[in-house]
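J.: A structural model of the following input is requested.
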Amino acid sequence: MMNRRIETRASSLVVQMLVLSAALMAAKSAFAVTSAAVFPTGLTFNAQTSGTISPAQTVTVYNIGSTAITVTGVTSSVSQFVPTGTFPVTIQPAQWSSFSVTFNPNLAKTFSGTLTVTITGFPSQKVTLGGVGTSTTAIASLNTTSLTFASQSFGGASPTQAVTITNTGTTSFKVSAVTLTYPFTQTGFSGVATTIAKGKSLTMQVSFFPTATGVTNGTMSIVYDSLPPAGVSLSGTGETPSSLVITSYRTLPSATQNAAYQGTLTAQGGAPPYIWTLASGSLPSGLSLSSSGTITGSLASTVTTGNYSFTATATDSNLSASSAMLTLPVFAATGAECNNIIFDAADGSGPLVPINDLGTGYYLGVEEGGLYANGINVRPSGHDASGVSIAQSIQPLDSNGNPSPTGKEVFISIGESIAQQPFIEFMTLANTDPSKNPAVVVVNGATGGATASDMAAPKNNFWNVIMNNYLPNAGVTPQQVVVAWVNDVNGGPSGTFPTDMTKLQANMESIAQNLLAKFPNIKLVYFSTINYTGYSNGIKNLSNEPWSYESGFAVKNAIQDQINGNANLNFDPTLGPVMAPWIDWGPYYWANGLMARSDGLEWTCQDLQADGTHPSIPIGRIKVSTQLLNFLKSDDTASIWFLAQ
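T.: Numbering: from 1, shown residues only. Here you go, the predicted structure:
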């Protein structure tokens, strides 16, 4: 199964992530709450040597109302974060005013705080702050920056390889968190903050449990309490087994107390069909294993949280058998509607089928499956060749957009909170991956509440936030943006398909055009659609099913318009005016709840927050990040610019 347990963290999550997570969640409705909007609602500073001053970051107060507002002052709750500006300042309608903040750590430790912005006539607004002061006497040395696992058969873990952190400095430091993307795992760091004294080491054993044929790329990210984070690039090759073996990942999709459950066991290498039996142990009360390998039922009210282990046996038609010990974790209810483990199509045809599994079948008799026309999932060769050629032209740019060996290549996210929140985790993973091109600067340009219809409007204020805050705070300019990842919807309840997707498709095409207008050197844009949101149906009205599922067709059809040569999306100057960058699919990671996709991907209730929509912290966010990171490291149009050459 896809994306089982993929993280190991200290009991106290990394403060930078918590600060930014809280801030970006607050941003979701900031524009709607008041005529005075402060962005960003959170600042996270890069690791800064104790006793030095960081580069300044910018906070902006936007007047989105119809009358003037006055900012009377800004105060910081922690002295290490220093705001600088002239107050009071009056801001006219449709205008804004900015002030700067620096991080001046005086100790090697993690700092967090809050800025309070006082605006006459409005409630004060908060900006959360985070940063790590680093030590000059503690030095963390890694024994390797990459691990490669070759030719591992499905159904078993590879031999382990060691990652050792050694303190070669003169003072101690702590390992605060270790995160690995699926399907890599480690032992040696338990999740509790671990001190490494002078001259001492911490060794972790990393293994690879393949679930797909071919190469899977990943990352191991290591976060310290008083040092910059570090990482190890991971790669493994999976191959089909030569004899019968159970290929299910040993930790099954998680179950939720008092909720329905479904899990499918898998085997390969034998002569199907396979007959499944429970060899030893027991499933949580209320669940049963069918002879076809499906675990179904609803957990009894007496089932407590914890890990439930059992041994399952698969027997093929030649009477060969294979057994494996599996673990089914049970977690407490999240507040989401965890019984909505699968969502059915409105015409009674059965469960929604992911677009990449639908093939030449049709959804509601209207839209054919496949990520591209004719039910296929492989990028058309001509479009791929164009993308590769364009990717090869990407080069570092200076602040004015001119080629420079010391320039930057900016990769930016665009969308609302459903993109913004997991991109926080992605940035941590990507920025600690040694295989990433050092010229690539990753910028989170998504903002809570920035719907597709908002971003389709070129003068919408969310674009101002990107230009005034997100890019400058990352030390880059619009002229250096070369690639974008777009993941956006319009939210709310579904309309009538397919007309409810006509507007969204038009929005996606307008966003592509806006990206070229805002970022004149942008070359490539990758689109994704959001995760399964059926757990929100009945409790929230953010982006319910089947809206989230159907949004995949809006993206597919927008991409197909460019492939078909529509003038409004032309990227080839030899064919007329260039109206948009080259666009295509990024990772497509919608799956129908606990009904595993053909590649094993599923979404459990535990993968999402209590609203049943936003990926949970950190598991759901790592799940999205894993998909995006593997895409960027393996796709032929992305690896060219994303990876160090």
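J.: L504 belongs to a helix?
T.: Yes. With DSSP: H, G, I helix; E, B strand; the rest coil as the criterion, L504 is part of a helix.
J.: against N566, how distant is it?
T.: For L504, the distance to N566 equals 16 Å [Cβ to Cβ, to the nearest Å]. (Each C-beta comes from the backbone N, C-alpha and C, glycine too.)
J.: more neighbours: which of the two?
T.: Per other Cβ atoms under 10 Å, whichever of L504 and N566 has more neighbours is L504, with 26 against 14.
J.: and what about the residue lying closest to the more buried one once chain neighbours are set aside, helix, strand or coil?
T.: With Cβ to Cβ, 6 or more residues apart in numbering as the criterion, L504 has its nearest non-adjacent residue at 3.9 Å, and that residue is A554. Three-state call for A554 (three-state DSSP): helix.
J.: my read: A554 touches F497, true?
T.: No. Using Cβ atoms under 8 Å as the test, A554 is too far from F497 to be in contact (10.4 Å).
J.: which one of the two has more residues nearby?
T.: For A554 versus F497, neighbours defined as other Cβ under 10 Å are more numerous around A554 (26 against 19).
J.: what residues does the more buried one make contact with?
T.: M501, T502, L504, Q505, N507, M508 (Cβ atoms under 8 Å, 6 or more residues apart in numbering).
J.: which ones are touching G361?
T.: Neighbouring residues of G361 by Cβ under 8 Å, 6+ apart: V353, E368, G369, G375.
J.: low-confidence ranges, this protein, go.
T.: Applying pLDDT under 70 to the chain flags residues 1-34, 492-494.
J.: show me where it has helices.
T.: Taking DSSP state H to define them, one finds helices in the chain at 15-27, 30-33, 355-358, 381-392, 417-431, 452-455, 461-465, 471-473, 499-518, 547-563, 619-634, 639-642.
J.: packing partners of the last one?
T.: Read it as helix 639-642. helix 381-392, helix 619-634 (3 or more Cβ pairs under 8 Å, 6 or more residues apart in numbering; DSSP states H and E).
J.: tell me which of the ones you listed sits nearest to M579.
T.: Closest to M579 of the helices and strands packed on helix 639-642 is helix 381-392 (Cβ to Cβ; 14.8 Å).
J.: mind listing residues that contact the closest one?
T.: 379, 523-524, 562-563, 571-572, 582, 584, 636-638, 640-641.
J.: any idea which of these has the most stuff around it?
T.: Highest neighbour count within these, by other Cβ under 10 Å: T637, with 26 neighbours.
J.: skip the chain neighbours and tell me the closest residue to that one.
T.: G387 (3.8 Å).
J.: dump the contacts of G361 into a markdown table; add neighbour count and distance to S282 as well.
T.: Shown next, in a markdown table, are the contacts of G361 (neighbours: other Cβ atoms under 10 Å; distance: Cβ to Cβ, whole Å):
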| residue | neighbour count | distance to S282 |
| --- | --- | --- |
| V353 | 19 | 33 |
| E368 | 16 | 44 |
| G369 | 22 | 39 |
| G375 | 16 | 42 |
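J.: about what we covered before: separation between the residue nearest to T637 and V71?
T.: 46 Å.
J.: what do you get for G359?
T.: Taking Cβ to Cβ, one finds G359 at 57 Å from V71.
J.: between these two, which one's more packed in?
T.: Neighbour count, other Cβ under 10 Å: between G359 and V71, V71 has more, with 24 against 16.
J.: and the helices of the chain: which comes nearest S248?
T.: helix 619-634 (17.5 Å).
J.: now for the closest one, which elements pack on it?
T.: Partner elements for helix 619-634 (3+ Cβ pairs under 8 Å, 6+ apart): strand 214-224, helix 417-431, helix 639-642.
J.: among the ones you listed, which is the most enclosed?
T.: Greatest average neighbour count among the helices and strands packed on helix 619-634 goes to helix 417-431 (a mean of 25), per mean count of other Cβ atoms under 10 Å.
J.: identify, from the contacts of A554, the entry nearest to G407.
T.: Using Cβ to Cβ, M508 comes nearest to G407 of the contacts of A554, at 29.5 Å.
J.: give me the number of residues near the closest one?
T.: 27.
J.: how about it: what's its closest non-neighbour residue?
T.: Taking Cβ to Cβ, 6+ apart, and ignoring the residues beside it in sequence, M508 has A558 as its nearest neighbour in space, at 4.1 Å.
J.: report the contact partners of the one you found.
T.: With contact set as Cβ under 8 Å, 6+ apart, A558 has these partners: Q505, M508, E509, A512, F527, L569, I583.
J.: can you list the residues you listed in TSV and add distance to S290?
T.: Shown next, in TSV, are the contacts of A558 (distance: Cβ to Cβ, whole Å):
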residue	distance to S290
Q505	40
M508	41
E509	46
A512	46
F527	38
L569	48
I583	43
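J.: and of those residues, the nearest to G218?
T.: Proximity of the contacts of A558 to G218 (Cβ to Cβ) peaks at F527, which lies at 22.9 Å.
J.: touching, that closest one and I559? I think so.
T.: Yes. F527 is within contact range of I559, at 6.7 Å (criterion: Cβ under 8 Å).
J.: any shared contact partners between these two?
T.: By Cβ under 8 Å, 6+ apart, the residues touching both F527 and I559 are I583, D584, W585.
J.: my guess is S435 meets L632, correct?
T.: No. Shown here, S435 and L632 do not form a contact pair, counting by Cβ under 8 Å, at 10.2 Å.
J.: same drill for the two, tell me which one is more crowded.
T.: Set S435 next to L632 and count neighbours by other Cβ under 10 Å: L632 wins out with 27 against 19.
J.: ok, the more buried one - contacts?
T.: L632 sits next to A430, A638, S639, F642 when contact means Cβ under 8 Å, 6+ apart.
J.: any idea how far D599 is from the residue nearest to the third one when sequence neighbours are not counted?
T.: Spelled out, it's S639. In space, and not counting its chain neighbours, S639 is closest to K633: 5.8 Å by Cβ to Cβ, 6+ apart. Relative to D599, K633 is positioned 17 Å away (Cβ to Cβ).
J.: more neighbours: which of these two?
T.: More neighbours surround K633 than the other of K633 and D599, with 23 against 13 (other Cβ under 10 Å).
J.: T114 contacts L129, doesn't it?
T.: Yes. Assessed by Cβ under 8 Å, T114 is found in contact with L129 at 6.4 Å.
J.: touching both of those two, which residues are there?
T.: Here T114 and L129 have S76, V78 as joint contacts, going by Cβ under 8 Å, 6+ apart.
J.: which one's more surrounded, these two?
T.: L129 (27 against 16).
J.: now the contacts of helix 381-392 as TSV including distance to T168?
T.: Shown next, in TSV, are these (distance: Cβ to Cβ, whole Å):
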residue	distance to T168
R379	46
K523	41
L524	41
Q562	52
I563	53
F571	50
D572	53
W582	46
D584	45
D636	39
T637	40
A638	35
I640	36
W641	34
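J.: between these, which sits nearest T179?
T.: The closest of the contacts of helix 381-392, once distances to T179 are taken by Cβ to Cβ, is A638, at 21.4 Å.
J.: switch the helices and strands packed on helix 619-634 over to a markdown table; also include distance to M595.
T.: Shown next, in a markdown table, are the helices and strands packed on helix 619-634 (distance: least, Cβ to Cβ, whole Å):
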| stretch | distance to M595 |
| --- | --- |
| strand 214-224 | 22 |
| helix 417-431 | 21 |
| helix 639-642 | 31 |
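J.: can you tell me which of the ones you listed is nearest to P577?
T.: helix 639-642 (25.0 Å).
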